[in-house]
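Visitor: What would the 3D arrangement of this be:
(2 chains)
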Amino acid sequence: MADTDAGSDTDGGDATGGEGADSDPGDPDDPGDEAEHGSPSAPTGGLVVPVEPTPTLRATIAHAVEAAVDDGFSTIHLVEIASWRNGDPGADDRAASAERVLERAEAWANSDLDDLDERRPQVTVATELIGADEYLFGPDDYVRVLAAYAEEHGADAVLLDPEYTPVGNTTLLQPLEFALSNTSLTVETAPVTRPTRRERLRSDATGKRFVAMFGFSLAFYLVLGDPLYWFDWVTGVATAAIVSITLSRVSIDVEPAIPRTPMRVLRGVIYVPVLLFEIVKANVEVARVILDPRLPIDPTLNRMRVIVGSGLPLMTLANSITLTPGTLTVRARDSDLYVHSLIPSARDGLFDGSLERWTRFVYYGRASARLPTPRERDDCAILQGPDATEELPIAAGDGGTAATEEDNPSVEPHGENRADRGEAGATDE
Amino acid sequence: MEALGTARVALVVAFTLLGLFFTFVSMTGVLRLPDVYSRAHTASQADTLGAGFGLAAVALTIGWEAAGIKSVLLLFFIFVTNPTAAHAIARAAFEEGTVPWTEGDERR
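Guide: Alright, predicted model coming up:
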């Protein structure tokens, strides 16, 4: 994933000595401004601007137009990256509102270009909604989609809105910048600041989050305390206020909505006994295996691509899988869960996807829960053993423990705990 | 606190024994299983039911009082934190490049 071939070649130019040592000798630019992060060294094809309805979108568009004119971009691509997936409940509404944002941004860009009258014809504005055919999880996914779009349209620079937050309200900007730096795209963050921060704090969205967080913390406080004692109400209100002022924007990243949030809680309550039953059932199976003198385990690492959406639903599913004995979520890489299974029956249960369907039921309702199993979708793979269908994605490969043993041959004959202590001692030398 | 009914006492005893049983299984698993991943399974999971039944017994003994409700809350937090901790351990091992033990490997 870390292809830095095109992005990093300008840096080494000074050291190798001036003329033509670089990969593109025809480049007429003076080397002086190559160190500057914002200015690409060659006139380029397109500038991609990811768009979200942020307070700084207007200023970012204005900056994008300036940059396009100054640096000679022929096209400004305004793209909105979908944080939903087609077919989700409400996906059509979200796509429609995304289209409206894109239209508005396009109108702004065109009017800015018109104001520059003399160079107007050189720059065109394109808009597109991308990434709606799959769930996108982390910055890596966003960058992958962006890079694919950029390649397809011959664009080689990205301008980021400093307030760009495609998922909820968690800031993705720094991870995005970092992930983009691994691509060949030139990245710049628009040097604009938001008008006033207060405006957003007072907004409806944050108000709902505040109320939800306040109610939840107050209820929790009163459950721990005594709801009939006035003093607990006073301290509870104060505590809940502090908690919700400081944390409501951090803890709640999806807007609470009146029919949806209580329904989710209700369906979550239905889910709890189901999960408890699964836990007890699987626990008995695992207990039988552990107490069996032959210890008939067959552990493998498996990969399963789940369709639940990012954030809380994914966490719910991953934790449910881990809670169910015999399966353990080792790694969540975007929508791929790497799950270690202890016994084949636990693995089969995992691939049947009942927990995935239940998670979808809790978060999206009964209609969305009808879904082919991961096995039917071909979204699962065994990574180890005779049935393995994919390579183990462990970077160290067969290195890992073997490598450390080679480093410390003297501790090899000891038991595991000894070896650990020996290694700790060896590193002190 | 009034004397507990016989049925309730029986249930409390049953829960306690079940909790002990699953804690015992958990301990056995940690000792017997071959590598960090499979041990993380049993260390956290059998323990979830071990602690779960223990706390259920506590809640049943105390009854519908503040402390009883708190033990139910404790149960809830165990169910949230336990898989998170197991995941953290397994993920740390994974990022270190530890290859999970498979059948046919030597027992460590």
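Visitor: tell me which element residue A:388 falls in.
Guide: Using DSSP states H and E, residue A:388 maps to neither a helix nor a strand.
Visitor: thinking it is in contact with residue A:301, fair?
Guide: No: contact between residue A:388 and residue A:301 fails when scored by CB atoms under 8 Å: they sit 9.2 Å apart. (Glycine included, C-beta is placed from N, CA and C.)
Visitor: Between those two, which is the more surrounded one?
Guide: Applying other CB atoms under 10 Å in any protein chain shown to residue A:388 and residue A:301 shows that residue A:301 carries more neighbours, namely 27 against 15.
Visitor: Look at the more buried one and tell me its secondary structure.
Guide: strand (DSSP: H, G, I helix; E, B strand; the rest coil).
Visitor: Kindly report the same for residue A:48.
Guide: Residue A:48 - assigned by three-state DSSP - is strand.
Visitor: Could I get the full set of helices for chain B?
Guide: B:6-32, B:36-62, B:66-95 (DSSP state H).
Visitor: Can you redo those as a markdown table, where the extra columns are mean pLDDT and mean neighbour count?
Guide: Formatted as a markdown table, the helices of chain B follow (pLDDT from 0 to 100; neighbours: other CB atoms under 10 Å in any protein chain shown):
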| stretch | mean pLDDT | mean neighbour count |
| --- | --- | --- |
| helix B:6-32 | 90 | 16 |
| helix B:36-62 | 84 | 23 |
| helix B:66-95 | 86 | 17 |
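Visitor: In chain B, what residue lies closest to chain A?
Guide: Closest residue of chain B to chain A, CB to the nearest CB: residue B:97 (2.5 Å).
Visitor: Switch the helices of chain B over to TSV; also include distance to chain A.
Guide: Shown next, in TSV, are those (distance: least, CB to the nearest CB, whole Å):
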stretch	distance to chain A
helix B:6-32	4
helix B:36-62	4
helix B:66-95	3
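Visitor: I figured residue A:241 hits residue A:214, correct?
Guide: Yes: using CB under 8 Å, residue A:241 and residue A:214 qualify as a contacting pair, with a distance of 6.8 Å.
Visitor: Need the mean per-residue confidence for the helix or strand hosting residue A:316.
Guide: Residue A:316 is part of helix A:312-323 when elements are defined by DSSP H and E. Helix A:312-323 shows a mean pLDDT of 86.
Visitor: Which residues does the following helix or strand past that helix contact?
Guide: Per DSSP H and E, the first helix or strand lying C-terminal to helix A:312-323 is strand A:327-333. Strand A:327-333 is contacted from outside by A:282, A:301, A:314, A:318-319, A:321-322, A:337-342, A:346-347, A:349-350, B:37, B:40-41, B:45, B:83, B:86-87, B:90-91, B:93-94, using CB atoms under 8 Å, 6 or more residues apart in numbering or on different chains.
Visitor: So which residues on the stretch 201-350 of chain A come close to chain B?
Guide: Counting by CB under 8 Å from any CB of the partner chain, the residues of the stretch 201-350 of chain A lying close to chain B are A:223-224, A:226, A:279-280, A:283, A:286-287, A:290-291, A:295, A:297-301, A:318-331, A:338, A:340, A:342.
Visitor: how about the helices in the stretch 101-250 of chain A?
Guide: A:139-152, A:173-181, A:197-201, A:204-224, A:230-251 (DSSP state H, counting those that start in this stretch).
Visitor: Out of those helices, which is the most enclosed?
Guide: Burial of those is given as mean neighbour count (mean count of other CB atoms under 10 Å in any protein chain shown); helix A:139-152 ranks first at a mean of 19.
Visitor: Just the CA atoms of that helix, as PDB, please.
Guide: C-alpha atoms of helix A:139-152 as PDB (Å, rounded to 0.1, in the frame of the first residue of the first chain):
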ATOM      1  CA  PRO A 139      -8.900   6.900   6.300                       C
ATOM      2  CA  ASP A 140      -7.200   4.200   4.300                       C
ATOM      3  CA  ASP A 141     -10.600   3.400   2.600                       C
ATOM      4  CA  TYR A 142     -11.300   7.000   1.900                       C
ATOM      5  CA  VAL A 143      -7.800   7.500   0.400                       C
ATOM      6  CA  ARG A 144      -8.200   4.400  -1.700                       C
ATOM      7  CA  VAL A 145     -11.400   5.600  -3.200                       C
ATOM      8  CA  LEU A 146     -10.000   9.100  -3.700                       C
ATOM      9  CA  ALA A 147      -6.900   7.700  -5.300                       C
ATOM     10  CA  ALA A 148      -8.900   5.500  -7.700                       C
ATOM     11  CA  TYR A 149     -11.000   8.500  -8.700                       C
ATOM     12  CA  ALA A 150      -8.000  10.700  -9.200                       C
ATOM     13  CA  GLU A 151      -6.300   8.100 -11.300                       C
ATOM     14  CA  GLU A 152      -9.400   7.500 -13.400                       C
END
